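S.K.: predicted coordinates and the sequence they were generated for:
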Amino acid sequence: MTRTTDTATVETNRPETTYTLGVSRDLVAQHFLTVPDPGPEGEIHSHHFELEVRFAGPALDEYGYLVDIDAVNDILDEIESRYRDALLNDLPEFEGENPSVERFARHVGDRIAAELPDATPNSLVVRIWEDESAWASHRRRLE
């Protein structure tokens with residue numbers, strides 16, 4: 001089977017995904033990069049992050065939902081509360097890590113996967129924009 005994604009055409013033996021649902025949220029948080037020679041990114045600065053979560057799966061539940069949007073919004077409320085106006089470097093999940101937007105996307109994916117009740121979707125993509133031109137995403141299978 002050949003399928004086209006946002007970035008490439010890939011060969012896969014998985015069944016084709018039929019449904020996709022997305023929800024987005026925005027928040028402001030701060031961080032500073034801890035890589036060698038980070039330039040101005042080594043100073044504490046704010047980003048107006050936009051988070052987008054996309055769920056996909058081949059079937060709907062008994063109510064015709066891929067995932068309950070209210071349940072997703074409840075999870076995103078908790079994520080927003082956790083990260084809004086926070087300095088990412090100070091949070092335990094970033095301890096010992098450079099708080100890149102890629103790692104931020106993974107941590108958001110971890111929280112969603114842990115909190116999502118009875119997952120009908122089988123995949124999740126978290127995409128986070130740190131400004132109008134730069135974003136990173138994290139993709140995982142849901143079980």
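M.R.: Great, that's in hand.
S.K.: how many residues are close by residue 118?
M.R.: 8 (other C-beta atoms under 10 Å). C-betas here are computed from N, CA, C, even on glycine.
S.K.: on the three-state scheme, it is what?
M.R.: Judged by DSSP: H, G, I helix; E, B strand; the rest coil, the three-state class of residue 118 is coil.
S.K.: quick check: it vs residue 112, distance?
M.R.: Distance of residue 118 to residue 112, given as C-beta to C-beta, to the nearest Å: 14 Å.
S.K.: name the helix or strand for the residue positioned nearest the centre of the chain, please.
M.R.: Closest residue to the average C-alpha location of the chain: residue 126 at 2.3 Å, with C-alpha atoms, centre = their mean. Assigned by DSSP states H and E, residue 126 falls within strand 123-129.
S.K.: quick one: the strands in the chain, in order.
M.R.: 2-4, 9-11, 19-31, 45-57, 123-129, 135-141 (DSSP state E).
S.K.: give me whichever of those is most buried.
M.R.: A comparison of the strands of the chain by mean neighbour count, using mean count of other C-beta atoms under 10 Å, puts strand 123-129 on top with a mean of 21.
S.K.: mind checking how far that one is from the chain centre?
M.R.: How far strand 123-129 lies from its chain's middle: 4 Å, per C-alpha atoms, centre = their mean, to the nearest Å.
S.K.: re earlier: note down every partner strand of the strand holding residue 126 and its orientation.
M.R.: Sheet pairing here is set by DSSP bridges, and for strand 123-129 it gives strand 45-57 (antiparallel), strand 135-141 (antiparallel).
S.K.: okay if I get these as CSV plus distance to residue 106 and mean pLDDT?
M.R.: Conversion of the strands paired with strand 123-129 to CSV gives the following (distance: least, C-beta to C-beta, whole Å; pLDDT from 0 to 100):
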stretch, distance to residue 106, mean pLDDT
strand 45-57, 12, 97
strand 135-141, 5, 97
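S.K.: I am finished for the moment; much appreciated.
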